[in-house]
Structure formats: structure tokens, C-alpha cells
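Asks: I need the structure of the sequence given here:
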Amino acid sequence: MLSYLQLRRSMAFNRWNTSIRLRVMLEYVAFTTLVFFFASVIVYYFDFWTAVAIDYLFILVAVIIFGFYRTSVINRDLLELKRNLIKYKNNLLAQNSDLDVSTKEINDLGDELKGFILQLQTCERKKRITDQAHAQYNDEMTTILSHFMYYISHVLRTPLNSIRWAVELLKNEEAGDITQAQRELLDQLENDSVKLAGVATELQDTLVVIRGKQIHAHPQVCHPLTIIDKVAGQWAVPAHRKNLQLVWDHPGEPMKTFTADCQLIQRALNFVVDNAVRYTPEGKTIAITITEINQAISPAQRKKMHIPPKLKKAGLVIAVVDQGIGIPKSELGHVFDPFFRASNAKDQWVDAKGLGLTLARAILHQHGGEIWLVSQKGKGTIAYLYIPKN
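Replies: The predicted structure is shown next:
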């Protein structure tokens, strides 16, 4: 037995590609003719009020049938349009393929939508080609720039070393006596050359990290307290000059050693303390603490130090707590990006490059460690450095 839709498609009347207005008009003429004929027959055989009641019921049933018929036809055409558009979008139909619909308006709509889809596909192909070309160009430019900057930072080392060597000879008076004023100028020159050499090193290491490579390391047995002692001692004088109180909460019990490049770990901590000193106002405090955590980290300990869920190994956590300007919450996700500086940090007259946290994270990741920040704008920042024991 044929289904309703198969029967509709087999009818010659349905194959007409006529407008909905014409179809409705023809159906209305057929409907009124049928109603008039049926009403005449009923009136002939029954009394007036019985005929009116029967005619009313007939008209109600006829309206429901014709309404269902018309909505079924339109619904079938819309479903056919939807199926063909999906096939056309997936390149399963040709552009000039015809729709099996019975109304002209839906057929015209299908043609317009097919043209619109074709235009979108063309634009998408052009955009994809353009994006690929731009991405390739950006990659090439980034590679050229990184090679150039790496070369510049490498070349800077030779004259800087020569300057430092010459300054040392002059300070030792191997080239003749010098006055106190000259010694002070030489001290300033030596400090600036050391600072510039550090910038070249940071830039070179950052470019190594950007390329996806690792910083050259020399693993050895490290004593965490010794590392913190060196960093705290290095920043004691700069902190004092800025009227900051640098507190190193030295634990009473001995800490276990770990294997890593001690110099690199010290550099990572140095970057963090550097930021704390730079962005903490005068009269405030910077505190350094160290905590030993076991493999089974307690929920209270994890919550207190905001330890990420992925860290489950035993290790050491060094915390640097400052009372500085803090970092806006919306910008915390970018603090480890190269050359990034928070919006409120840019308002400070601070000589900073935005590379310290980038290198600190790269160093710790290289050693299987992690770094994370907890900060509130205007109230300070806590930087946690995790170092695995093994």
C-alpha cells in the first residue's frame, strides 16, 4: 500500500509547480462547490434546522480535512527543502538539482538558499586560503625575528665581557692610578654592563623557550635553604634601599635535598623576588617561606596553598608573599606570556621587561615543577614555586 506522501507524489496535480495562492484558491473553489452540493442534498431530504446542524458539522469536518491537507503539503515541501539543503551543503547534490516540491514559493526559496550556501562556501574557501597564507607568513616572520634576536643577544655577550674585563683591570689600577670619582664611574659602568648582560641572557633564554626547546641545565644535588639564602641575601640591600622589609622565614628543621640545576632554580626564585621588590610600595613587607609536602597532600594544605589538583607528588613549595599592587583577576591567565605586564603595572615607573615569570615557569617545568600565582589587585600577590623531590 502506498504511503500518503508516495500517493501525493504520484498525483499529477501535485507535480504542478504552482503558487500557494493559486493552490489555496483552487482548493477553496472545490471546497465551496462541495459544500453547496452537500447542503442542497441535505436540505432536500431533511427539515430546515436538522439540515443546518448537519451542514455545520460537515463544514467543520471539511475545514479540518482541507486544513490538514494544506499544512501537510507545505510541511512536506519544507522537509524536502531541508533535506536537499543539507545534502547540498555537504556537497552531495549539484547546484542545479531540482527540488521535489509542489509550491513555487518554496522552490524559489530553495534556489535562493542554495545560492547563498554556494556564496558562503566560496567565501569560506577564500578565507581558509587567506588564513593559511597569513599563518605561514607569521611563522616565517616569527622564525626570522627569533633567529635575529637570538643572534643579537649572543653577539652582545662578547663586547660586554670585554667591557667588564677592561673595567676590572682599571679598578685594579693595572693601567695606572685612578681617583675616587673615576672608581665610582667604573663601578657604575660595571653595574650597567652586568645588568645588560643579564638582559641579553634573559632574552636569549626566552627565545629558546619560545622555540619550544629547553634551557641548558647541569643537574646536581641542591640544598633548598642554600638557594633561598642566596636569593634573600642578593635582594636584602635593594629591599632596604626601598624601605622594604624582606623576611625569610627560615625553618628550624633541616630540609631534604633535591636533584636539579641549582643555578636555574635560583634564577627562577630570583625572578619572582625581583617582581615582588619592584612592585611593592615603600614601607611594606615581602616574606619568603618554604613548606615540605608529602605525596598525600591533605585537603587543608592543598586549599591553604592553592595547590593545583594535578600536583600529587612529594616536593617543596616556596612561597613569596608581597604586599604590592597585585594583578587584576582578568589578567592572571596571561602573567606567564612573554613580555606581558599587567595593566596596573604599566602605570608604575618600573624598569621591567615582562620576561621573568615566563622564564621562571619554563625552568620549573623543565625540572618537573610548577609555578602559580594568587593575587588581588591592590592587596598583593603570592607566588608559589613547586619543586619535586626527585
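Asks: local confidence estimate at residue 122?
Replies: Note on residue 122: pLDDT of 83.
Asks: could we number from 18 for the rest of this?
Replies: Sounds good: first residue 18 from here, last item residue 139.
Asks: okay, and it sits in which element?
Replies: Residue 139 belongs to helix 121-188 when assigned by DSSP states H and E.
Asks: and the helix or strand following that helix, what's buried?
Replies: Sequence order places helix 197-227 as the next helix or strand after helix 121-188, per DSSP H and E. By 16 or more other Cβ atoms under 10 Å, the buried positions in helix 197-227 come out as 203, 206-207, 210, 213-214, 217, 219-227. Where you see a C-beta, it was placed from the backbone N, CA and C, and this is true even at glycine.
Asks: after helix 197-227, which helix or strand is next? Please name it.
Replies: Next helix or strand after helix 197-227 toward the C-terminus (DSSP H and E): strand 237-239.
Asks: just the CA coordinates for the helix or strand following that next one, please, in PDB.
Replies: As assigned by DSSP H and E, the chain's next helix or strand after strand 237-239 is helix 241-258. Below are the C-alpha coordinates for helix 241-258, written out as PDB (Å, rounded to 0.1, in the frame of the first residue of the first chain):
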ATOM      1  CA  PRO A 241      66.800  24.500  49.100                       C
ATOM      2  CA  LEU A 242      67.700  26.500  52.100                       C
ATOM      3  CA  THR A 243      71.100  27.500  50.500                       C
ATOM      4  CA  ILE A 244      69.200  28.600  47.300                       C
ATOM      5  CA  ILE A 245      66.800  30.800  49.300                       C
ATOM      6  CA  ASP A 246      69.700  32.200  51.400                       C
ATOM      7  CA  LYS A 247      71.500  33.300  48.300                       C
ATOM      8  CA  VAL A 248      68.400  35.000  46.800                       C
ATOM      9  CA  ALA A 249      67.400  36.600  50.100                       C
ATOM     10  CA  GLY A 250      70.900  37.900  50.500                       C
ATOM     11  CA  GLN A 251      71.100  39.200  47.000                       C
ATOM     12  CA  TRP A 252      67.900  41.300  47.400                       C
ATOM     13  CA  ALA A 253      68.500  42.400  51.000                       C
ATOM     14  CA  VAL A 254      70.300  45.600  50.100                       C
ATOM     15  CA  PRO A 255      67.900  46.600  47.200                       C
ATOM     16  CA  ALA A 256      64.900  45.900  49.500                       C
ATOM     17  CA  HIS A 257      66.500  48.000  52.300                       C
ATOM     18  CA  ARG A 258      67.100  50.900  49.900                       C
END
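Asks: separation between the residue lying closest to residue 219 once chain neighbours are set aside and residue 39?
Replies: The shortest distance from residue 219 to any non-neighbouring residue, by Cβ to Cβ, 6 or more residues apart in numbering, is to residue 372 (5.0 Å). Taking Cβ to Cβ, to the nearest Å as the measure, residue 372 and residue 39 are separated by 75 Å.
Asks: compare these two (neighbour count), which wins?
Replies: Legend: neighbour count by other Cβ atoms under 10 Å for residue 372 and residue 39, higher for residue 372 (18 against 12).
Asks: could you pull out the strands for the stretch 218-367 of the chain?
Replies: 237-239, 262-265, 275-277, 302-310, 332-339 (DSSP state E, counting those that start in this stretch).
Asks: winner for burial among these?
Replies: Mean neighbour count (mean count of other Cβ atoms under 10 Å) peaks for strand 332-339 among the strands of the stretch 218-367 of the chain, with a mean of 22.
Asks: got the angle between that one and strand 302-310?
Replies: Orientation check (axes from the mean of the first three to the mean of the last three Cα atoms, to 10 degrees): strand 332-339 against strand 302-310 gives 170 degrees.
Asks: partners of strand 332-339, with directions?
Replies: strand 302-310 (antiparallel), strand 397-405 (antiparallel) (DSSP bridges).
Asks: ok, residues contacting that strand?
Replies: The contact list for strand 332-339, computed with Cβ atoms under 8 Å, 6 or more residues apart in numbering, reads 241, 245, 272-273, 275, 286, 289-290, 293, 296-297, 301-310, 322, 324, 386, 397-406.
Asks: buried among those? Make that a ChimeraX selection.
Replies: Of these, the buried ones go into a single ChimeraX selection, burial set by 16+ other Cβ under 10 Å:
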select :241,245,275,286,289,290,293,296,297,303,304,305,306,307,308,310,322,324,386,397,398,399,400,401,402,403,404,405,406
